[in-house]
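[1] Attaching a predicted model along with its sequence, questions to come.
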Number of protein chains: 2
Amino acid sequence: MTRNEELENLYGPAAKDLPAVTELIQSVASQPELEFLRQMLSAALAGSGKLLRPAISLLSARLGEYNLSLAAPLAASVELLHTATLVHDDVIDQADQRRGEPTPNALFGNSASVMLGDYMFANAADFIAQTDKPIVVRKFAKTIMEMAQGELVQDSHVFEYSDDINRYLNQIRGKTAVLFATAAEGGAIVCDADRDTISAMRGYGMNLGMAFQVVDDILDFTGDASLMGKPIGSDLMSGNITLPAILYMQKNPSNPIQHAFEGVRRTSNIKKAIKEILADDSIFWEAKNIAREMCDEARESIDDLPDSTEKKVLLNLVEYTFSREH
Amino acid sequence: MTRNEELENLYGPAAKDLPAVTELIQSVASQPELEFLRQMLSAALAGSGKLLRPAISLLSARLGEYNLSLAAPLAASVELLHTATLVHDDVIDQADQRRGEPTPNALFGNSASVMLGDYMFANAADFIAQTDKPIVVRKFAKTIMEMAQGELVQDSHVFEYSDDINRYLNQIRGKTAVLFATAAEGGAIVCDADRDTISAMRGYGMNLGMAFQVVDDILDFTGDASLMGKPIGSDLMSGNITLPAILYMQKNPSNPIQHAFEGVRRTSNIKKAIKEILADDSIFWEAKNIAREMCDEARESIDDLPDSTEKKVLLNLVEYTFSREH
C-alpha cells in the first residue's frame, strides 16, 4: 500500500486535501531569512507522520460548510502546534530521540530549540488567525496553556511514586487529549457547523485523545522497540508512571516501583519492575479495557450526528486508534 | 513624585487606564490550578516597570474610537509578550539577573521557565484575540517570529567579532523595535483609527524602539550600575557587540575587541577594552547622535497627525526615551 492509499483508507474524503495542509506546513520552513532557522525548521517538520490531528480537523470541517481555504490553515496550525510542543517538551525532558530520530535539541542545542519552538508557535497563531475566527485563536491559546501546565505537572512528578489514576488521567488530558479536542472542534467552528456538531466533535476529540494516549502508554511496554523508536518501558525508565505501571502497583501493594524510584540502584530496579509488569498479561487487558471505554465514549459523542461518509471515517478512526501497534 | 504622578507626567490621558491593564496582566498569575505555575507567574510579572509599551498602545488607541475594553487587552498582551520574550531570552542567555532581580530561570530552572514563557505567550494570544481583530493576531505572530529570529541571530554571533553597523541595526530591530512598532500600531488598529494614523503609529513605534535600544546600549556603558542592576559593559562581557563597541572599533583599526574575543585571557582583555571605550567621550556623542536621528524620525512619523493631547504626549515620550538615564 502506498502512503497515499494508506491515508485514503484512514481518512476517506479528507485525504485528498492533506497535501494542501502539508504544503502550508512546509512553507514555514522556507520562510525565514536566517539559514540556521530554515535548517532547524526543516528538521523539525521533516517527519511525515500520520497527520492524524489535521485529518480530524479536515473531517470536522466537512461537517460544516466546507471551505479548504479556512480548513487547511486550521489543520496546519494544529500540526504545527503539536510539533512546537514536542520541540519544547524534548528540551525539558532532555530527550535525545523521538521515534528513533534525533530531537532538535540533540541536533541544535537547547537554546536554539527554545526559539525554534517559539517561532513555530507564532506560525501556528498566524495560521489560525487566517481563519478569521478569534474564538478559535482563544481556544488554541487555552490549549497551549493546558499543555504547558500539564508538562509542568509531569515534570514536577518525575520519579515521584504515585498510583493515583486520576492524576494520570489529568496528565494525559493535558498532554494529548486537549489538543485532539481543539483539532476536532476547530474544524467544525471555522466552517460554521452548527452548535451541536461543534460540541459533539469536541467530545469526540477529547475522548479519542485520551484513548490515543492510553494506547501509547501501553505500547511503550508492549510495542516493537524498533517500530516505536524507543526502548521498552522508556516512560518508567525516565520516571513517568503511566497506566500499566499504576495497574501493576495496585495489584502489588508491596510497591516495587516505589522502592525502585526511591532506593539505590534505580536503573536496574526499574528494569526489574518493567519485566514484572510485562509478565502480567492481565495488566494489559485491564489497560486495554480502559482505552476501550474511552473509545466507546468517543463513538457516543458523535452518535447523534446524521449519517455521512465523514461520520463513518471518524468512527473507523476510533477503531484504528484502539488497534494501532506503533 | 508618587508613581501615579510620574505615570501621569509621562503618559498623560493614558495613565488613568494603566491600572486596568495591570489588572488584566495580574489576573494571569492567579488563573492556573498549579500552585508552582502561579508562583512563577507572580515572580515574572511582579516588576512594576514603566509600562512604556502598553502606554503607547493606549495612546495609539485614543487616536481612534477609543474603547478601553479593546485597548486594555491589547496593551496587556503587548506587556505579556514582552515579558514572555524576556523569560525565554534569559533561559538562552543563561542570565541570572535582570535589572538586579533574579531571573525566572535562576529561581525555577530552565525547564520550568520554558513552559512559563509558553504559558505567557498563550495568554498574550488570548488577550489579543479578545480584541476581535484577526489582523492584529497576525501582526503579533509576525512580531514573535522576528523576535525569535533576532534572538537566534544574536545567539549565533556571541563572541564573534564584527564592526558591521547594519548587522547591529538589524539586531536591535528584531530585539526591540518590532514590538514597539506592533504596540504602537496595534492600539490604532483595534480602535479603528484611519489608515494613515495606523501607518504613522507603526513608523513612530519602530523608530522609537530603535532609539530606545540604542540608548539602552549606551547606558550599558555609561549608566549607573546600581540603577541599571547590571555591571558596566555587561553586553560586551557576554559577547554582544553593541553600538558603542562598533564605533570604537571603527576608530581603532588595530581591533582590540577582536583580540579580546579571540585571544586568551578573554575576560581581562574585554575589561580593558571597556575601559578604553569609556575613556573616549566622542564615541558616546556619536552614538547619541544616531539615537537622536532615530528620535527625529519617530517625531516625523507622526508629524502629519492632527494636533491632540495624545500627539503631544507621544512627542514627549520621544524626548523621554532619548534622555532617560536608567
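    Nice, thanks for sending it over. This structure is a prediction, so every number in the text was calculated from the model and none was measured. Residues are numbered from 1 along each chain as shown, chains lettered A, B, ... in the order given.
[2] I'd like the average pLDDT over the longest helix seen in chain A.
    Assignment by DSSP state H gives helix A:195-222 as the longest helix of chain A. In this model, helix A:195-222 has an average pLDDT of 97.
[3] Check stretch A:160-178 too.
    When the per-residue pLDDT values of stretch A:160-178 are averaged, the result is 92.
[4] That one near chain B anywhere?
    No: remark: stretch A:160-178 sits outside contact range of chain B, by CB under 8 Å from any CB of the partner chain, the gap being at least 9.5 Å. Backbone N, C-alpha and C define where each C-beta goes, glycine included.
[5] List the buried residues in that stretch.
    Applying a neighbour-count criterion of 16 or more other CB atoms under 10 Å in any protein chain shown, the buried positions in stretch A:160-178 are A:Y161, A:D163, A:Y168, A:L169, A:Q171, A:I172, A:R173, A:G174, A:K175, A:T176, A:A177, A:V178.
[6] what angle separates the helix or strand harbouring the fifth one from helix A:195-222?
    To tie it back to what came earlier, the one meant is A:Q171. A:Q171 belongs to helix A:165-172 when elements are defined using DSSP states H and E. When axes from the mean of the first three to the mean of the last three CA atoms, to 10 degrees is applied, the directions of helix A:165-172 and helix A:195-222 differ by 110 degrees.
[7] neighbouring contacts of helix A:165-172?
    Applying CB atoms under 8 Å, 6 or more residues apart in numbering or on different chains, the contact partners of helix A:165-172 are A:150, A:153-154, A:157, A:209-210, A:213-214, A:217, A:241-243, A:246.
[8] by contact count, what packs against the helix or strand following it?
    From helix A:165-172 onward toward the C-terminus, using DSSP H and E, the following helix or strand is helix A:178-190. In this structure, helix A:178-190 packs against helix A:52-61, helix A:68-92, helix A:134-156, helix A:195-222, with contacts taken as 3 or more CB pairs under 8 Å, 6 or more residues apart in numbering or on different chains; DSSP states H and E.
[9] any chance of the ones you listed in JSON lines, plus mean neighbour count and distance to chain B?
    Below are these laid out as JSON lines (neighbours: other CB atoms under 10 Å in any protein chain shown; distance: least, CB to the nearest CB, whole Å):
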{"stretch": "helix A:52-61", "mean neighbour count": "28", "distance to chain B": "17"}
{"stretch": "helix A:68-92", "mean neighbour count": "24", "distance to chain B": "4"}
{"stretch": "helix A:134-156", "mean neighbour count": "22", "distance to chain B": "4"}
{"stretch": "helix A:195-222", "mean neighbour count": "22", "distance to chain B": "17"}
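[10] Out of those, the one nearest A:Y320 is which?
    helix A:52-61 (8.7 Å; CB to CB).
[11] Check the contacts of helix A:165-172 against B:R202 and report the nearest one.
    Out of the contacts of helix A:165-172, the one with the shortest distance to B:R202 is A:G150. That distance is 37.5 Å, counting by CB to CB.
[12] Show the contacting residues for A:V136.
    Residues near A:V136 by CB under 8 Å, 6+ apart: A:L74, A:I128, A:G186, A:I189, A:V190.
[13] Check A:L58 too.
    Contacts for A:L58 (CB under 8 Å, 6+ apart) come out as A:Y11, A:A14, A:D17, A:L18, A:V21, A:A71, A:A72, A:A75, A:G187.
[14] could you redo the last one with a cut-off of 6 Å?
    A:L58 makes contact with A:A14, A:D17, A:A71, A:A75 under the criterion CB atoms under 6 Å, 6 or more residues apart in numbering or on different chains.
[15] Thought A:A55 was touching the last one, still the case?
    Pointing back at A:A75 there. No: here A:A75 does not reach A:A55: they are 7.7 Å apart, not a contact under CB atoms under 6 Å.
[16] Could you find the closest non-adjacent residue to A:Q154?
    Nearest residue to A:Q154, sequence neighbours excluded (CB to CB, 6 or more residues apart in numbering or on different chains): A:Q171, at 5.8 Å.
[17] quick one: secondary structure of A:K230?
    At A:K230, secondary structure determined by DSSP: H, G, I helix; E, B strand; the rest coil is coil.
[18] The closest residue to it other than its chain neighbours: how many residues sit nearby?
    Closest residue in space to A:K230, ignoring its immediate chain neighbours: A:Q97 at 6.8 Å, by CB to CB, 6+ apart. Counted by other CB atoms under 10 Å in any protein chain shown, the residues lying close to A:Q97 total 14.
[19] same deal with the one 10 residues further on?
    A total of 15 residues lie near A:L107 under the criterion other CB under 10 Å.
[20] Quickly find the element holding it.
    A:L107 belongs to helix A:104-108 when assigned by DSSP H and E.
[21] Could you pull up the contacting residues of A:E297?
    A:N207.
[22] can you give me the angle the helix or strand containing it makes with helix A:178-190?
    Per DSSP H and E: A:E297 is located in helix A:281-301. Comparing the axes of helix A:281-301 and helix A:178-190 via the same axes, to 10 degrees yields an angle of 10 degrees.
[23] hang on, the earlier thing: A:I283: which of the helices and strands packed on helix A:178-190 is closest?
    Distances from A:I283 to each of these were compared by CB to CB, and the smallest falls on helix A:195-222, at 8.5 Å.
[24] just the angle between the closest one and helix A:134-156, please?
    Relative orientation of helix A:195-222 with respect to helix A:134-156: 20 degrees, computed using the same axes, to 10 degrees.
[25] tell me how far helix A:195-222 is from the chain's mean position?
    A distance of 9 Å separates the centroid of the chain from that of helix A:195-222, by CA atoms, centre = their mean, to the nearest Å.
[26] and what of stretch A:128-138?
    Relative to the centre of its chain, stretch A:128-138 is centred 22 Å away, using CA atoms, centre = their mean.
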